[in-house]
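J.: here's my sequence, what's the structure:
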Amino acid sequence: MKTLQIFRKIRWLLLVLISVSAQAQLKRLTIEQAYELARQNYPLIKKHDLIARSAAYSIDNAGKLYLPQFSITGQATYQSQTISFSDVLGSLPGIKPPAISKDQYRIQAEISQQIYDAGISANQKEMVRANTAVQQQNIEVNLYALKDRVAQLYFSVLLINEQLLQNEIKKASLQSAADKVAAALQNGTAFKSNLNELQAEVATAEMLNIELRAGRKAYLQVLSIFIGQQLDGSVELEKPAQQLNDPSIKRPELELFALQKKIYNVQEKQLQSDYLPKLNAFVQGGYGRPTLNIIEDKFGSWWLGGLRLNWNFGSLYTLKNNRHILKNNQDALDIDKETFIYNTNLNLSQQNSEAQKYADLMKQDDAIIALRTAVTKSAQAQLDNGVITVHDYISKLDAENMARQTKILHATQLLQAQYNYKNTSGN
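T.: Residues are numbered from 1 along each chain as shown. So this is what the prediction gives:
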């Protein structure tokens, strides 16, 4: 009893440690972790196991085609005519030819063993495996689409994080200017309206912070649903490294096309199996009237065994057309693959141009920020000396802040464009 209690305490402790560890990991989240967590949390992934189990059952069923087959049949008939030995032997003195009853009865059992099935069993197993692989890959294609949705949420949070930092910098600059004006007001060298205007701008900046935090919380809540883990406001989303655009395509759809083509190859083998001969061995045993010895018109048992050859040529009539159908299906699949690659390359070209656009814009952002920063510093000095009004200073500070916010937007858009390119290419 004590051992069981100790075991339960250890298990509880392990669960606590695992829970604490999971929470600790979520204090810092990378985009790759977000991708994987979203994949594991998505309900569709549960179908992987169901498909695998169904495939195992189907393959097991296909293998049972080579197990001995047992059947029982029975019949009772009445015939309008039977063999007349009198007509054959004629009338012989002292000999009475046997007569066969017109009512006949038979019940028999048969055990047969497949010897050669022309590859039907093997083809069925191969078809099950091919269909299973296609179903599994279809799930992978659907799961891969999650990356775009997770990336949008992830980069939206990153953008708000940067905007919050920049807004805090602006707020600090406004607060610093307000403190200076407040000191000057006490010395009688400033106007109360100037202080009020700066304090109003500080309050406006704080309002923007509230809106940004609310937006960040909303995005994190949706991201939490996707990854199946609670993300609070303290979680740190790691900024991904910049990516080099790789033009090669490694999307899961390409593997799906290849797997679908394997199905057509198996179907081609099945067409061949349909017109090849099949051979099995069998043993029959029965009871009825007449027996194998039809001269004795009485009930009895019998048995027989042998080999049975079955060669059906009916499938040859449609073989040519069925092969044309398979060829057409393969050609259609090749066209679908070609179309997918074409559209993917088109998207990659557009996304590459978009990434290049943001890179070029960021170069201009740096130049504009340098100029706006110089103007703001000059305006700060002019404000301290009473040369310009508070309103003029705020205007210059807003212009610099807008330039920095624009760069933040372009930097995030560049990073997101690079990851969109990465997801589109499958790299």
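
J.: OK, contacts around residue 133?
T.: Listed by CB atoms under 8 Å, 6 or more residues apart in numbering, the contact partners of residue 133 are 259, 262. No exception for glycine: its C-beta is placed from N, CA and C like everyone else's.

J.: from memory residue 421 sits against residue 243, does it?
T.: Yes: contact criterion CB atoms under 8 Å: residue 421 and residue 243 qualify, at 7.3 Å.

J.: just want to know which of those two has more residues nearby.
T.: Ranked by neighbour count (other CB atoms under 10 Å), residue 421 and residue 243 place residue 421 first, with 23 against 14.

J.: packing partners for the longest helix along the chain?
T.: In the chain, ranked by residue count with DSSP state H as the criterion, the top helix is helix 316-384. Contact here means 3 or more CB pairs under 8 Å, 6 or more residues apart in numbering; DSSP states H and E; on that basis helix 316-384 packs against helix 146-186, helix 252-275, helix 390-425.

J.: can you give me how far that helix is from the chain middle?
T.: Mean C-alpha position of helix 316-384 versus that of the full chain (CA atoms, centre = their mean, to the nearest Å) differs by 22 Å.

J.: how big is the angle separating it from helix 146-186?
T.: Inter-element angle recorded for helix 316-384 and helix 146-186: 10 degrees (by axes from the mean of the first three to the mean of the last three CA atoms, to 10 degrees).

J.: averaged pLDDT, helix 316-384. What do you get?
T.: The pLDDT scores in helix 316-384 average 92.

J.: tell me what angle it forms with helix 390-425.
T.: 160 degrees.

J.: relative to residue 299, which of the helices and strands packed on helix 316-384 is closest?
T.: For residue 299, the closest of the helices and strands packed on helix 316-384 is helix 252-275, at 42.1 Å, according to CB to CB.

J.: and the angle for the closest one with helix 316-384?
T.: Here helix 252-275 runs at an angle of 170 degrees relative to helix 316-384 (the same axes, to 10 degrees).

J.: give me the residues contacting helix 252-275.
T.: Here helix 252-275 makes contact (CB under 8 Å, 6+ apart) with 117-120, 123, 126-127, 130-131, 133-134, 137-138, 140-141, 144, 312-313, 315-316, 319, 322-323, 326, 329-330, 333, 336-337, 340-341, 426.

J.: can you give me the buried ones in it?
T.: Residues 252-257, 259-263, 266-267, 270-271, 273-275 are the ones in helix 252-275 that count as buried (16 or more other CB atoms under 10 Å).

J.: what is the subsequent helix or strand relative to it?
T.: Heading C-terminal from helix 252-275, the first helix or strand you meet, by DSSP states H and E, is strand 278-289.

J.: so what are the sheet partners of that next one and their directions?
T.: strand 103-116 (antiparallel), strand 300-310 (antiparallel) (DSSP bridges).

J.: now do it: distance to the chain's middle.
T.: Distance of strand 278-289 from its chain centroid, counting by CA atoms, centre = their mean, is 52 Å.

J.: number the chain from 398, please
T.: Got it, first residue is 398 now, which makes that one strand 675-686.

J.: dump it to CSV, restricted to CA.
T.: C-alpha atoms of strand 675-686 as CSV (Å, rounded to 0.1, in the frame of the first residue of the first chain):
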residue,chain,number,x,y,z
LYS,A,675,-5.9,-18.6,-61.9
LEU,A,676,-5.2,-22.0,-60.4
ASN,A,677,-6.4,-23.6,-57.2
ALA,A,678,-6.7,-27.0,-55.6
PHE,A,679,-9.9,-28.3,-54.1
VAL,A,680,-11.5,-31.2,-52.3
GLN,A,681,-15.2,-31.9,-52.3
GLY,A,682,-17.3,-34.1,-50.1
GLY,A,683,-21.1,-34.6,-50.4
TYR,A,684,-24.1,-36.6,-49.5
GLY,A,685,-27.3,-37.2,-51.6
ARG,A,686,-29.0,-39.2,-54.3
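
J.: report the rounded mean pLDDT for it.
T.: 92.

J.: now swap in stretch 493-513 and tell me
T.: 88.

J.: which one of the strands paired with strand 675-686 is the most hemmed in?
T.: strand 500-513 (a mean of 14; mean count of other CB atoms under 10 Å).

J.: give me the contacts around that strand.
T.: Counting by CB under 8 Å, 6+ apart, 462-463, 465-476, 518, 674-687, 696, 704-705 sit against strand 500-513.

J.: also stretch 625-636?
T.: Surrounding stretch 625-636, the residues in contact under the criterion CB under 8 Å, 6+ apart are 419, 423-428, 434-435, 437-438, 551, 554-555, 558, 610, 613-614, 617-618, 620-621, 812.

J.: narrow those to just the buried residues.
T.: Neighbour-count burial (16+ other CB under 10 Å) applied to the contacts of stretch 625-636 gives 423, 426, 428, 434-435, 551, 554-555, 558, 613, 617, 620-621, 812.

J.: and residue 712, backbone torsions?
T.: Torsion angles at residue 712 (phi, psi; degrees, to the nearest 10) stand at phi -70, psi -20.

J.: mind pulling up the pLDDT for the closest residue to it other than its chain neighbours?
T.: In space, residue 712 comes closest to residue 671 once its chain neighbours are excluded; the distance is 4.0 Å by CB to CB, 6 or more residues apart in numbering. In this prediction, residue 671 carries a pLDDT score of 86.

J.: how much space between residue 671 and residue 520?
T.: For residue 671, the distance to residue 520 equals 10 Å [CB to CB, to the nearest Å].

J.: measure how buried residue 805 is and give me the count.
T.: Should you count by other CB under 10 Å, residue 805 turns out to have 19 residues around it.

J.: ok, the closest residue to it other than its chain neighbours - contacts?
T.: Nearest residue to residue 805, sequence neighbours excluded (CB to CB, 6+ apart): residue 559, at 4.3 Å. Shown in contact with residue 559 (CB under 8 Å, 6+ apart): 805, 808-809.

J.: now with 10 Å, please.
T.: 636, 801-802, 804-806, 808-809 (CB atoms under 10 Å, 6 or more residues apart in numbering).

J.: give me the subset of the contacts of stretch 625-636 lying in helices.
T.: Applying DSSP H to the contacts of stretch 625-636, the entries found in helices are 419, 428, 434-435, 437-438, 551, 554-555, 558, 610, 613-614, 617-618, 620-621, 812.

J.: residue 785 against residue 775, yeah?
T.: Yes: contact criterion CB atoms under 10 Å: residue 785 and residue 775 qualify, at 9.3 Å.

J.: many thanks, have a good one.
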